[in-house]
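Peer 1: Just the structure for this:
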Amino acid sequence: MNEATNIDASATPAMLRRVAFASCIGTTVEWYDFFIYATASALVFNKLFFPSFDPLIGSLVALGTYAAGFIARPIGGLVFGIIGDRRGRKLALVTTLLIVGTATFVIGLMPTYATIGIAAPLVLLFIRLLHGFGIGGEQDNAILITFEHAPPQSRGYFGSWVQIGAPAGFVLPLGIFAILTASMSDAAFLSWGWRIPFLLSALLVVIGLYIRLNLSESPLFKREKHPEPHPLRAVFSQCRRNLLLGCGAKLLESTVFTTYAVLLTAYAVSRGIPKAVMTTATLIAILIELGMIPVFGAFSDKIGRRPVYLLSALLNVVLAFPVFWLVYADREALIWLGLVGVIALGHSAMYGPQAAFFAELFPTRLRATGISFVQQIGALIGSVGGLAAGWLLAVGNGTPWLLAGYVVFVGLITLACTGLLFETAPRIGGERGRQYPNIRH
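Peer 2: Numbers count the residues shown, from 1 in each chain. All right, here's what the predicted structure looks like:
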């Protein structure tokens, strides 16, 4: 069935807006649960769960448990991608919300290393794996339930609304932590204040669950009379080229966000830059990004996914060394400007079009599995690789140049892979037959 001309008549503009808003809110809740751990890792977990290391190494070890979530994401992505292609996008969304939300609430109740010793970081690691497993299947199905309600000529714009959930989910705990660190003594914050954002997850899960249960299933999925019985095997045999190039295109986006929103904070704090400076600067950049993501999503509907994606990747390559220099040179007053460049512009211009770009690489019956593989494997390599590259700070005796060089290297890989992908935006001449020939749509 031709998706370009046969859109479900029930997908009225009002319904489409409701679906996009509901997906955005639900995804925000899940990314809040996922990213709250990242903020705590950079600010307090090194002291509470890994106290035997020096500050920089302790932060990197804490971020290592954060990386465990990315290792579990591909497993969750493939499991819930298969569920999304077989049973529907909505079932996957409700299940993942419960998994991630419960795990986050439990962290807020956990005893620390001082109370139960080595068991504390081990339990933290297990919970982080649950985080990754749940979030791995969440965003991709959320993208598809919105993408597949939208008309092809505006899928870049409406798909980008789901992408807003990730930075919104990051900025919420960041804002809460900023308020707590500014209003509490260090002793009170380390004693109990850090638990507040985790415990708030219970309220957010209730809200997100209500929204998800009232979300309508994807009309394109409902049209599939015979869902693919073995979507993972089928996508590997029929869409291998797009899987591999899509993963390469994802690398820089994952690396950029992890590097600047997580690693740069840990590095700056280890150099004596106040936590409040970094949280405020990151908060400013991400707040601007919230508004820019749909702008770049809509832009990709007008001029194509590839041009927007390529230009943003190039911008990230150019800005890598200058942004790290701002921290290395202790230019506190300008750090926010550098983060605006790499996050609010460089990252959002990749992240906005990404939902539609990757979804359009696959036909409906394989789409949840295909986009899950690309997003989660690319995120695993990009984010875990970026966190591992954080050790380059120690190798470089506290200088950031090796890490900045790593970002540039990843950027060149993404530029090459994106250049080899076909344009997918229908309005710009995307031809579905070129993308996956001989596949039943």
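
Peer 1: Could you tell me how far the residue nearest the centre of the chain is located from T27?
Peer 2: Per C-alpha atoms, centre = their mean, the C-alpha nearest to the average position across the chain is that of A166, at 5.4 Å. Distance of A166 to T27, given as C-beta to C-beta, to the nearest Å: 7 Å. Yep, even glycine has a C-beta here, placed from its N, CA and C like the rest.

Peer 1: Give me the common contacts of these two.
Peer 2: Taking C-beta atoms under 8 Å, 6 or more residues apart in numbering as the contact rule, the neighbours common to A166 and T27 are Q139.

Peer 1: L215 in helix, strand or coil?
Peer 2: Classification of L215 by DSSP: H, G, I helix; E, B strand; the rest coil places it in coil.

Peer 1: Torsion angles phi and psi at it?
Peer 2: phi -90, psi 140 (degrees, to the nearest 10).

Peer 1: And the nearest residue to it once chain neighbours are set aside, what's its pLDDT?
Peer 2: Leaving out its chain neighbours, the residue that sits closest to L215 by C-beta to C-beta, 6 or more residues apart in numbering is A22, at 5.1 Å. Looking at A22, its pLDDT is 80.

Peer 1: A22 is in what secondary structure piece?
Peer 2: helix 13-40 (DSSP states H and E).

Peer 1: on that earlier part again, burial check on the residue nearest to L215, number of neighbours?
Peer 2: 23 (other C-beta atoms under 10 Å).

Peer 1: try S237
Peer 2: 10.

Peer 1: returning to what we had before: point me to the helix or strand that includes the residue nearest to the centre of the chain.
Peer 2: Assigned by DSSP H and E, A166 falls in helix 165-183.

Peer 1: I'd like the average pLDDT over that helix.
Peer 2: 83.

Peer 1: mean confidence score for whatever helix or strand comes next after that helix?
Peer 2: Later in the chain than helix 165-183, the nearest helix or strand by DSSP H and E is helix 186-191. In this model, helix 186-191 has an average pLDDT of 81.

Peer 1: can you check stretch 409-429 too?
Peer 2: For stretch 409-429, the mean confidence score works out to 90.

Peer 1: Next: stretch 367-380.
Peer 2: For stretch 367-380, the mean confidence score works out to 92.

Peer 1: for G134, what are its contacts?
Peer 2: Per C-beta under 8 Å, 6+ apart, neighbours of G134: E30, G76, T95, T96, L97, L98, I99, V100, A103.

Peer 1: can I assume the fourth one is in contact with E30?
Peer 2: Yes. In this structure T96 lies within contact range of E30 using C-beta atoms under 8 Å: 6.6 Å.

Peer 1: can you give me the strands for the stretch 51-200 of the chain?
Peer 2: Here the stretch 51-200 of the chain has no strands by DSSP state E, counting those that start in this stretch.

Peer 1: Show me the helices in it, by range?
Peer 2: With helices called from DSSP state H, counting those that start in this stretch, the stretch 51-200 of the chain shows them at 55-86, 89-107, 113-116, 119-147, 155-163, 165-183, 186-191, 196-199.

Peer 1: closest to S383 out of those?
Peer 2: helix 55-86 (4.5 Å; C-beta to C-beta).

Peer 1: returning to what we had before: mind checking how far the residue nearest to L215 is from F80?
Peer 2: Between A22 and F80 the distance is 18 Å, computed by C-beta to C-beta.

Peer 1: if you skip the residues just before and after it, what's nearest to the residue nearest to the centre of the chain?
Peer 2: W31 is the one closest to A166 (C-beta to C-beta, 6+ apart), at 4.7 Å.

Peer 1: That neighbour: neighbour count?
Peer 2: Neighbours of W31 (other C-beta under 10 Å): 24.

Peer 1: re the thing from before, for F45, state which of the contacts of G134 is nearest.
Peer 2: Of the contacts of G134, the one sitting nearest to F45 (C-beta to C-beta) turns out to be A103, at 15.2 Å.

Peer 1: pretty sure the closest one contacts H131?
Peer 2: Yes. Applying C-beta under 8 Å as the test, A103 and H131 come out as touching, 5.3 Å apart.

Peer 1: Give the residue from the two that has the larger number of neighbours.
Peer 2: Legend: neighbour count by other C-beta under 10 Å for A103 and H131, higher for H131 (29 against 25).

Peer 1: Tell me how far that one lies from T104.
Peer 2: 7 Å.

Peer 1: any shared contact partners between the two?
Peer 2: Contacts common to H131 and T104, judged by C-beta under 8 Å, 6+ apart, are D33, Y37.

Peer 1: Tell me where the stretch 251-400 of the chain is predicted with low confidence.
Peer 2: 387, 396 (pLDDT under 70).

Peer 1: how does it look with 90?
Peer 2: Confidence mapping of the stretch 251-400 of the chain against pLDDT under 90 gives the ranges 257-284, 286, 327-333, 336, 376, 379-400.

Peer 1: all strands of it, in order?
Peer 2: Under DSSP E, counting those that start in this stretch, the stretch 251-400 of the chain gives no strands.

Peer 1: Quickly list what's touching both of A103 and H131.
Peer 2: Common neighbours of A103 and H131 (C-beta under 8 Å, 6+ apart) are D33.

Peer 1: one step back: which of T96 and E30 has more residues huddled nearby?
Peer 2: Neighbours of T96 and E30, each counted by other C-beta under 10 Å, are more numerous for E30; the result is 30 against 27.

Peer 1: separation between that one and G165?
Peer 2: 7 Å.

Peer 1: With V308 instead?
Peer 2: Distance from V308 to G165, by C-beta to C-beta: 20 Å.

Peer 1: which residues does the closest residue to Y351 other than its chain neighbours contact?
Peer 2: Nearest non-adjacent residue to Y351, counting by C-beta to C-beta, 6+ apart: Q163, 5.1 Å away. If you count contacts by C-beta under 8 Å, 6+ apart, Q163 has them with I143, I293, G297, Y351, G352, Q354, A355.

Peer 1: Neighbours of the second one, how many?
Peer 2: Neighbourhood size, I293 [other C-beta under 10 Å]: 28.

Peer 1: I'd like to check which residues are in contact with the closest residue to it other than its chain neighbours.
Peer 2: Residue nearest to I293 in three dimensions, not counting chain neighbours: G352, with 4.3 Å by C-beta to C-beta, 6+ apart. Counting by C-beta under 8 Å, 6+ apart, G352 makes contact with G156, S160, Q163, M292, I293, P294, V295, F296, G297, F299, S300, V308.

Peer 1: of these, buried ones?
Peer 2: Buried members of these, counted by 16 or more other C-beta atoms under 10 Å: G156, S160, Q163, M292, I293, P294, F296, G297, F299, S300, V308.
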